[in-house]
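>>> Let's see this in three dimensions:
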Amino acid sequence: MTTALIAPAVALLAITACSTTGDDDGRALSSSPSASGAPSSPAPSSSQPPAPSPAERGAIVTQETFEAGPELRAAGTLTRVVYRSTAGYGGGFGTEVSGVIAVPDGVPPPGGWPIVALGHGTTGTDQSCGPSDYADLLGEAGNMTRLLNRGFVVAASDYQGLGTAVSKPRPHPYLEPRTVAFNMIDAVRAAQDVVPGTSDRWAAIGASQGGQAAWASAEAAGDYGQGLEFVGAAALAPAADVSPITEAGVDTKYTDAQKIFIPNLVAGLREVHPDLDPDDYMRGGLAAGADVFTSCGPTSTADRFSAAMSIAPGDAAIADQDAADRIREILQGDALPARRADGPLFVAYGDQDTIILSAWTTAALQRACAAGDVIEVVRKPDGGHTNLGVTGTAVDWISDRFADEPAPNSCPV
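Numbers count the residues shown, from 1 in each chain. Alright, predicted model coming up:
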């Protein structure tokens, strides 16, 4: 890669986590988490802890004050938590997940504080990449502040495997939708444990990976989310279905922005499918820099830029057609929509997105509309992955759902 191409690609990886900022029929997500649609998912292991019962989901393991930056700290009271949740693969097993619960200052409204689950974008797959380890939540502090200022309790999950507050966690299964859906929903339950005066009503919002998490949460809300009242989810530039990335098989060509996400994709897939061979998908400078692209820290942006400079043409070439077929099959098993959502959706995306191509999102929306989903669609001809400028619109949409306004419907797309 040349410097001119690498700089924007690394910037995308660095800011995907905060891409919601800027005013600038099929598999069920079941309360029985063993109902995984991904092919060749490992069988349940007796060495794994059992999944929490419905009454145990979201139960607080530990909690402590979260030390945020001044703007976020001024917006409310913040608590870092570790709570119980469920893996969405391997038959479903118990996990502990970290995150941040935030409550606005003041008195709860009649009926209690409404809760918004905030899903973060791609940070990495290493344990060092949990937003709750950083005062700025790895870029999500502005989104949390915005939600607090609108009168919502915010439940921000790190997702399984991310965050150092959990001792020896299972690795992060990047882009496996059931796990992040369960993590998001259980964060809402954790918020109810931490914050007096919360209601049962909740919504979800997120961008990129967080957009996938919000959408997946909507599909799990009526089943895994039993006992809660789901009102809707806003998914911005969602990684709903990335399986088309390998449609060309061994002739697959990635954009520069996509290449630097491949180490995270492979690492996440290997948690669910440990027999997947990384050498089939990465070599050379890309393989050598994999640890840099998947980990986080104060020098991450500079380190990723340096590693990206070493990526050569062919470093991301798929080894053979069998390897291409295998990863495409897995990604198809993780694709959204997996079933009809349990509430309305707001989906925004841009035609200039070089990571999640707009054609992929359009196809996912068409399937969701055909399944009967109610979706307000905002498509930005000049929008990319992180500059849609619709966060305020999405938060307004969520406020309308809590106010019981009828949900707009753009279907068919």
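
>>> Beyond the worst-scoring helix or strand of the chain on mean pLDDT, next helix or strand please.
Each helix and strand of the chain was given a mean pLDDT (mean pLDDT, DSSP states H and E); the minimum falls on helix 3-15 at a mean of 49. Next along the chain after helix 3-15, taking DSSP states H and E as the criterion, comes strand 60-65.

>>> those helices in the stretch 151-300 of the chain, which residues are they?
177-194, 209-220, 256-259, 262-272, 284-288, 290-294, 300-308 (DSSP state H, counting those that start in this stretch).

>>> need those helices in a markdown table with mean pLDDT and mean neighbour count, can you?
C-betas here are computed from N, CA, C, even on glycine. Formatted as a markdown table, the helices of the stretch 151-300 of the chain follow (pLDDT from 0 to 100; neighbours: other CB atoms under 10 Å):
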| stretch | mean pLDDT | mean neighbour count |
| --- | --- | --- |
| helix 177-194 | 98 | 28 |
| helix 209-220 | 98 | 31 |
| helix 256-259 | 93 | 21 |
| helix 262-272 | 98 | 23 |
| helix 284-288 | 97 | 18 |
| helix 290-294 | 97 | 21 |
| helix 300-308 | 95 | 19 |
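
>>> looking at these, which is closest to Leu365?
Comparison of these against Leu365 by CB to CB identifies helix 209-220 as nearest, at 10.3 Å.

>>> Tell me where the model's unsure across the chain.
For the chain, the stretches with pLDDT under 70 are 1-46.

>>> just to revisit the earlier point, would you tell me which of the helices of the stretch 151-300 of the chain gets closest to Ala394?
Ala394 lies closest, by CB to CB, to one member of these: helix 209-220, at 9.7 Å.

>>> could you say what helices and strands the closest one packs with?
On a contact count with 3 or more CB pairs under 8 Å, 6 or more residues apart in numbering; DSSP states H and E, helix 209-220 meets strand 113-119, helix 177-194, strand 198-207, strand 229-236, strand 345-350.

>>> so the fourth one versus strand 113-119, what angle?
Between the axis of strand 229-236 and that of strand 113-119 there is an angle of 40 degrees, by axes from the mean of the first three to the mean of the last three CA atoms, to 10 degrees.

>>> Name the residues of strand 229-236 that come out as buried.
Phe230, Val231, Gly232, Ala233, Ala234, Ala235, Leu236 (16 or more other CB atoms under 10 Å).

>>> would you list the residues you listed in TSV and tack on distance to Ala74?
What follows is the buried residues of strand 229-236, written out as TSV (distance: CB to CB, whole Å):
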residue	distance to Ala74
Phe230	30
Val231	27
Gly232	28
Ala233	28
Ala234	25
Ala235	29
Leu236	25
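
>>> For those, name the two members farthest from one another.
Phe230 and Leu236 (18.3 Å).

>>> Which residue comes closest to Leu357 once chain neighbours are left out?
Spatially, and ignoring its direct neighbours in sequence, Leu357 is nearest to Pro244 (7.3 Å; CB to CB, 6 or more residues apart in numbering).

>>> Share the number of residues neighbouring that neighbour, please.
Pro244 has 18 neighbours, counted by other CB atoms under 10 Å.

>>> swap in Gly142?
That count, for Gly142 with other CB under 10 Å as the rule, works out to 18.

>>> Relative to Val231, how far out is it?
Applying CB to CB, to the nearest Å, the value for Gly142 to Val231 is 23 Å.

>>> what does Leu286 give?
As for Leu286, its distance to Val231 is 42 Å (criterion: CB to CB).

>>> Among the buried residues of strand 229-236, which one sits closest to Thr393?
Ala234 (8.8 Å).

>>> just checking, that closest one touches Ser399?
No. Taking contacts as CB atoms under 8 Å, Ala234 lies outside contact range of Ser399: 10.8 Å.

>>> Ile355 contacts His385, correct?
Yes. Counting by CB under 8 Å, Ile355 touches His385, with 4.8 Å between them.

>>> With distance to Thr95 added, can I get the helices of the stretch 151-300 of the chain in CSV?
Listed next are these as CSV, based on distance: least, CB to CB, whole Å:
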stretch, distance to Thr95
helix 177-194, 8
helix 209-220, 15
helix 256-259, 29
helix 262-272, 12
helix 284-288, 29
helix 290-294, 19
helix 300-308, 25
